[in-house]
Each structure stands twice: as C-alpha cells, then as structure tokens.
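Trainee: have a look; sequence and predicted model below, questions after that.
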Amino acid sequence: MRAFTVEDDGTVSAVLAIDEVAILVDLTGQISDLLQENPQDDDALRRLLPDAYPDDRAASAEFRRFTAPGLLDRKSATASVILSTLSNSNAARAESGLGAEAPTIVRLDPQQAQSWLTALGDLRLVIAARLGIVKDGDEGEPGAVMTEVYDWLGYVQGSLVEAMDQA
C-alpha cells in the first residue's frame, strides 16, 4: 500500500494491492457478521462494546441494553463504507480496462475517511482481542499472520490520520 495522500479536491487517496483489498474486504465482512450475530460471550465484541461501569455489572448491563443496538448499527454502517468504497474503486478500475491484478485506487471524501478510521479501529480491536493484546506494549505472536495484519492495519490507520491532518 502506498500511504494516503491529499488530493487537490480535499479527498484523500491511497493505492492498494489486490491482496490488500481482499484482506480488507474479508476482515470487514467478518466484523459485519460478528456485529449482526452479537454473541454476548465473545471477547472481541466486548472490546467493541466495553462496560460503561466496570465495577457495577447491573449498571453496565442496563447501559448496554439502551446503547448497544444503536452502537452496533453505527459500527455496521462504518464497516459498510469500507466495503462500498472498495467495491466502487474496483468497479472504476474494471471500467477503465485495467486487469484484475492492477492496484486499486481508493479515494475518500472527509466523511468516508472518518468512517474508514472508525472501522479500521474496530478491526484492530477485534484482532487485538483474538491475539490477546490488551494494552500498549503487548505484542501478538511474532511472525503470526494476524499479528502482521494487525500491524498493517495500524499503518493504514496512521497513514489515513496523517493525510486527514494535512487536508
């Protein structure tokens, strides 16, 4: 991936390899499924919907009862922005006559960029839960594919933040 850059029209763009697009589509689809299933005993979902009152289970449960549905809907909506922008970018690439292995240029307006940031953060939280990463300084299993994906998503997210700061 080439880092996100600011375009003259105020959008930000990046060039993604076909395998990077596939990773984003796959992971975003998985998180969308997780959000729809809403399994109460899933550590990753608990990372996405943390307790509002960690020392008071009853208050946390009550808070979650009123806020979780809306939060899950918003998280699903931000994930769908990644899927739709990648789909639109792939369609534009195909229409221009470029082959299936050609890189994908993703161009995001400010609202889409914010949705990407949120969804990338959610993806990293889910992967962190799966890898046992709890706090800064924790590392996943060195050399493990998901640890590398976690780190790569951090790069994508950081690159997007830097581009948005320059826009």
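Mentor: Good, I have the coordinates.
Trainee: ok, now which ones touch residue 60?
Mentor: 51, 52, 53, 54 (C-beta atoms under 8 Å, 6 or more residues apart in numbering). Heads up, the C-betas are built off the backbone N, CA and C, glycines and all.
Trainee: can you do 7 Å?
Mentor: Residue 60 sits next to 51, 52, 53 when contact means C-beta atoms under 7 Å, 6 or more residues apart in numbering.
Trainee: tell me the buried residues in the helix or strand hosting it?
Mentor: In the assignment (DSSP states H and E), residue 60 maps to helix 57-95. Buried residues in helix 57-95, counted by 16 or more other C-beta atoms under 10 Å: 60, 64, 68, 72, 75-76, 78-79, 81-82, 85-86, 89-90, 93.
Trainee: my impression was that residue 13 belongs to a strand - is that right?
Mentor: Yes - membership of residue 13 in a strand is supported by DSSP: H, G, I helix; E, B strand; the rest coil.
Trainee: tell me the secondary structure of the residue lying closest to it once chain neighbours are set aside, please.
Mentor: Once flanking residues are discounted, residue 13 sits nearest to residue 107: 4.4 Å by C-beta to C-beta, 6 or more residues apart in numbering. Put simply, residue 107 is strand when judged by three-state DSSP.
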